[in-house]
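Asks: Fold the stuff below for me.
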Amino acid sequence: MAEAARAKQTSPLRIGEQWQGLRGHAHGVRGPVMCGALHWSTAVPWKTDALAALLHDEGGLKPAVVQQCLANESDTDTFFALALALEDMAQSPVAQKGVLLSRTEVQPQLVDCQVAMPSFYPPFTQALISWLGSAINMCSGTSSAQQRKSLIDSMNAQLHAARTQLLSSIRTGGVNTARIARAAAELGLPVQVLTRSYLYVGSGANARIFNSTMTEETTALGVALARSKSATAALLAMRGLPVPRHQRAGCAQDAVKAAHALGYPVVVKPDDRDGGAGVNAGLTSDEQVIACYAQAAAISPNVLVEKHVEGLDYRITVDNGRVVKVIGRQPGGVLGDGRLSVRELVAANAAKPSMRGNASAVSLDEEALALLAGYGMTADSVPAADAFVVLRRRANMSTGGTSRDAMADMHPDNARLAIRAAQALRLDLAGIDFIIPDIAVSWMECTAAICEVNAQPQISTEFAPAVYHDLLTRLVREPTRLHAVVLVDVSANADCDADVIAAAQQLAARGERVLSVRSDGTWLGDERIAPAGRSAFARAVACELEVEATAVVAAFKPGQLLRTGLPWLHVDEVRVLRGSAPVDEAQLQACLDLVAPHLAAPRV
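Replies: Here you go, the predicted model:
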């Protein structure tokens, strides 16, 4: 039946129906891993021009990225490259291509490829594989435009749903968690997702926990101070740093009185919310203040009215006493082309693949309509070509703002100011929101103000590609992981505890503090620290979280490793434990093939 189906294969690719998911690491691929088959027909050529257009229009990939992927020599390598690009587009932490395990020509011009693909979130990777396979086949077929549209809509719906699940598993309103996990993967560091935005990077004594960009060096006191904009302003003002004047408002009328006392224009914002939530700047009337007070009060009982400072908006990121990124920010809006209305421009922007399901996409809400009215425009007005129409009162990225690199423009005095602000709040990593007419001019020579300090700044790699690498290199010190020994047990014995103990003792004699996974539980040296209870695989994974250990030993049957993969990304030693019973040499070899790419170079 399968052979008959292959004989009739009229499309370039058929995705194998049975894919095996491994929780651990395998074949040199960081886990989870998906293993399955790609069935290629070399008789059916790809229509790369049509595919490139689809990958850009529907997949959101940049043309240069698509062309680089399509330049691979083999169909399978091209598939791997495109899959990785789509993982990256979805903000997945996956940082490596798949691996070809075997290639067999089953018939003339029909090739079976067994592959292993990295999958941080398997449901998304499954949807991605299906989407990409359908895209390749559709672009190489002869379906009608209506059939293509129907298929694309169905494909996109499935991929979008899976992407939403992926992001909800690792994101809590920002990009940091996925980017830190990706940087760790690029550096070859072990990573475990503890829950949503919490990551455990490394293993053993030097491993570190991250909550987005909060680190183990981030003080609770600093976070509490930064969370209160009024407390932050008071502390910075005491140090002589520039901050706007503000007053608290317990009701809408208090807010209006405060606005009159400070003088218009003003800013209304919650005292204790991050990410620009409830912030409205540049207010010039009592009516605007009353409306914006209601917005702020809806998300916090603590509302501030602040004197608006004229100037450009900048975010300066400070890491451990060093400025690592500076961006100029512009409020969200649309760029006119002289043809489309504001409404049409907003819809076109929201329809971009990169904006699907993105809460930061600019919409025509009350705020946008009020701003348009202030310009004497409506949603149906047609902006002139290259005219930018601002539709948000604040410049946060979370509300549709755009950014530009301003690192090279910044005056040294402004860099020192940002560093001093982070130090004042006792923060190792901070985002300083700074208003100034020109960042190339010293804050001491003009009117400028620090309007907020964020203790958990969203950074991203735009304009600072090495920022997460540098953060991990600073915090996760060598040795970054446990020395790991895997015993592959092909004996007929009920357990191999004696061999595990012997291997642990050898490591202990070299000065290692050794964890050993045995049939009766997990041991640290001569102390049992956990009962058996869970599987050997689960207990071996848990060993990475033990901060008192420097090495680990565990034994597995070949079948176990073939079902789960390795519990650790890197293995330093592999030993085969043989007995007197006959051995399934084919299974053993398959197991060793799975493990071999994870053998690390000897430590110097």
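Asks: Spatially nearest residue to S516 (excluding sequence neighbours)?
Replies: The shortest distance from S516 to any non-neighbouring residue, by CB to CB, 6 or more residues apart in numbering, is to A504 (4.3 Å). Placement of C-beta: from N, CA and C, glycine included.
Asks: residues near the one you found, how many?
Replies: The burial count assigned to A504 is 24, neighbours taken as other CB atoms under 10 Å.
Asks: doesn't it fall inside a strand?
Replies: No: read with DSSP: H, G, I helix; E, B strand; the rest coil, A504 is helix and lies in no strand.
Asks: which residues does it contact?
Replies: Contacts here follow CB atoms under 8 Å, 6 or more residues apart in numbering; on that basis A504 touches 514-516, 523, 551, 553.
Asks: Would you check how far apart it and V574 are?
Replies: From A504 over to V574 the distance is 16 Å, taken as CB to CB, to the nearest Å.
Asks: Helix, strand or coil: sort out E344 for me.
Replies: Secondary structure of E344, reduced to three states by three-state DSSP: helix.
Asks: Next, count neighbours for D593.
Replies: By the other CB under 10 Å criterion, the neighbourhood of D593 contains 13 residues.
Asks: one step back: now the two most distant members of the contacts of A504.
Replies: Looking at the contacts of A504 by CB to CB, the two members farthest from one another are W523 and A551, with 12.2 Å of separation.
Asks: Quick check: phi and psi on R404?
Replies: Dihedral angles phi and psi of R404 (degrees, to the nearest 10) take the values phi -140, psi 150.
Asks: Over to the one 10 residues further on?
Replies: With angles defined as degrees, to the nearest 10, N414 shows backbone torsions of phi -70, psi -30.
Asks: Kindly report the same for A296.
Replies: Its backbone dihedrals place A296 at phi -70, psi -40, with angles given as degrees, to the nearest 10.
Asks: distance of it from K269?
Replies: Between A296 and K269 the computed distance is 6 Å (CB to CB).
Asks: shared neighbours of those two, which are they?
Replies: 278-280, 303.
Asks: what residue ranges in this structure score low on pLDDT?
Replies: By pLDDT under 70, the weakly predicted segments of the chain are 1-8, 171-173, 353-360, 398, 601-604.
Asks: domain parsing for it?
Replies: Segmentation of the chain into domains, based on automatic domain parsing, reads 2-170, 245-308, 333-391, 483-598.
Asks: Out of those, the one nearest N414 is which?
Replies: Nearest to N414, of all those, is domain 245-308, at 20.0 Å by CB to CB.
Asks: show me what contacts the residue nearest to L235 when sequence neighbours are not counted?
Replies: Excluding its sequence neighbours, the residue lying closest to L235 (CB to CB, 6+ apart) is A424, at 5.7 Å. The neighbourhood of A424, defined by CB under 8 Å, 6+ apart, consists of 235-236, 239, 241.
Asks: Generate a PyMOL selection restricted to the buried subset of those.
Replies: Only the buried members of the contacts of A424 enter the following PyMOL selection, criterion being 16 or more other CB atoms under 10 Å:
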select buried, resi 235+236+241
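Asks: what residue lies at the spatial centre of the chain?
Replies: Central residue check for the chain by CA atoms, centre = their mean: the C-alpha nearest the mean position is that of A178, 1.7 Å away.
Asks: Neighbour count: A296 and K269, which is higher?
Replies: When A296 and K269 are compared on other CB under 10 Å, the one with more neighbours turns out to be K269, at 28 against 25.
Asks: Okay, and that one sits in which element?
Replies: strand 266-270 (DSSP states H and E).
Asks: What helices and strands are in contact with that strand?
Replies: With contacts taken as 3 or more CB pairs under 8 Å, 6 or more residues apart in numbering; DSSP states H and E, strand 266-270 sits against helix 252-262, strand 280-283, helix 286-299, strand 303-307.
Asks: And the longest one, what's buried?
Replies: Read it as helix 286-299. Buried residues in helix 286-299, defined by neighbour count with 16+ other CB under 10 Å: 286, 288-293, 295-297.
Asks: go on, the last one?
Replies: Of the residues in strand 303-307, 303-307 count as buried by neighbour count, 16+ other CB under 10 Å.
Asks: on that earlier part again, got any residues that touch both of W523 and A551?
Replies: Counting by CB under 8 Å, 6+ apart, the residues touching both W523 and A551 are 504, 515.
Asks: Disregarding residues adjacent in the polypeptide, which is nearest to G336?
Replies: The spatially closest residue to G336, leaving aside those adjacent along the chain, is P383, at 2.7 Å (CB to CB, 6+ apart).
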